[in-house]
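Visitor: Using only what follows, build the 3D model:
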Amino acid sequence: MEKSLKNQVALVTGASSGLGKSVAIYLARAGAKVAVNYHSDEEGAKDTVETIKKEGGEAFAHRADVGDEAEVEGMFEKVFDTYENLDILISNAGIQKDAPLDEMTLKDWELVIKTNLTGAFLCSRAAVRYFLKRGVVEGVSKSAGKVIFMSSVHQEIPWAGHINYAAAKGGLTEFMRTLSQEVANKLIRVNSVAPGAIKTAINEDVWKDEKQVKELLKLIPYNRLGEPEDVSEVVLWLASDKSEYVNGTTIFVDGGMSLYPGFIGNG
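Guide: Coordinates of the predicted model:
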């Protein structure tokens, strides 16, 4: 793989499994030193770090709740103490606590908003403060910093029974766009990636069930489930100078799920 991120440092939140794990490994393969954030899955985070090191990269793991201000500040201090720099933030950490609205508890509403939206705020605020102070480093990147949020097709598609998750991702859309508007003139790039149905451990019970896959594919015009690599390739591109003129946008990686496939043949 081309070392397009050589001499750069990346922080990936929620990198102990799933998309975060895949993204962290991809960034390391491209030459970045990677801080692997996790909340509860210490073994998963260690595995991410070990995989990166086995492939010749540099990484370390750090536990922090992205929804806790003090823990986020401590995490960034650890990154700076270890690598003395930061170039890329991948704000990926997210959770689901599903229930119909009339059955949803305030605790589950607040926990999802705290992790999925407030976490994006706290992490990007810390990163942007540093990027503004440091500015562009010639010979490393054309940008002063890159912030990439992991959103979802449900920033656009309503999702009954998941109203806290959909609200967080919808809010993240305008958060990303507004932040981009604020800092683009400082050469800080802010974008989002919105995955659709991707085969990860969290939904393994679905993609290993032939009947459930058949139903799910009705929602995907491209007629296959996504792989973590499909998302990681896009994140890597957004983190590199190859996408230097891309700012304030969401790239959907969903096989066409956001195209309202239910209308196929009904025009």
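Visitor: same for the helix or strand bottoming out on mean pLDDT in the chain, what does it pack against?
Guide: Every helix and strand of the chain was ranked by mean pLDDT, DSSP states H and E. The lowest is helix 204-207, at a mean of 82. For helix 204-207, the contact count by 3 or more Cβ pairs under 8 Å, 6 or more residues apart in numbering; DSSP states H and E identifies helix 210-217 as packing neighbours. Any C-beta I mention is one placed from the backbone N, CA and C, and that applies to glycine too.
Visitor: Any buried residues in the helix it packs on, and which?
Guide: L216, L217 (16 or more other Cβ atoms under 10 Å).
Visitor: Equivalent analysis for stretch 79-93, please.
Guide: V79, Y83, L86, D87, I88, L89, I90, S91, N92, A93.
Visitor: Turn those into CSV, columns for secondary structure, distance to F131 and pLDDT.
Guide: Listed next are those as CSV, based on DSSP: H, G, I helix; E, B strand; the rest coil; distance: Cβ to Cβ, whole Å; pLDDT from 0 to 100:
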residue, secondary structure, distance to F131, pLDDT
V79, helix, 13, 98
Y83, helix, 15, 98
L86, coil, 8, 98
D87, coil, 8, 98
I88, strand, 10, 98
L89, strand, 9, 99
I90, strand, 14, 99
S91, strand, 14, 98
N92, coil, 18, 98
A93, coil, 20, 97
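Visitor: Nearest to V140 among the residues you listed?
Guide: Nearest to V140, judged by Cβ to Cβ, of those is D87 at 6.9 Å.
Visitor: what residues are up against that closest one?
Guide: For D87, the contacting residues are L5, Q8, V9, A10, A32, V137, V140, S141, G145, K146, by Cβ atoms under 8 Å, 6 or more residues apart in numbering.
Visitor: Surely T250 is in contact with S151?
Guide: Yes. Using Cβ atoms under 8 Å, T250 makes contact with S151 at a distance of 6.1 Å.
Visitor: Residues that sit against both of the two, list them.
Guide: Residues within reach of T250 and of S151 at once, by Cβ under 8 Å, 6+ apart, are T173, M176, S192, V193, A194.
Visitor: quick revisit: now the contacts of D87: which count as buried?
Guide: The buried subset of the contacts of D87 - by 16+ other Cβ under 10 Å - is L5, Q8, V9, A10, A32, S141, G145, K146.
Visitor: quick one: what helix or strand has the last one in it?
Guide: Here K146, judged by DSSP states H and E, is contained in strand 145-150.
Visitor: Could I get the buried residue list for the following helix or strand past that strand?
Guide: With elements assigned by DSSP H and E, the helix or strand that comes after strand 145-150 is helix 163-183. Under the neighbour-count criterion of 16+ other Cβ under 10 Å, helix 163-183 has 163-173, 175-177, 179-180, 183 buried.
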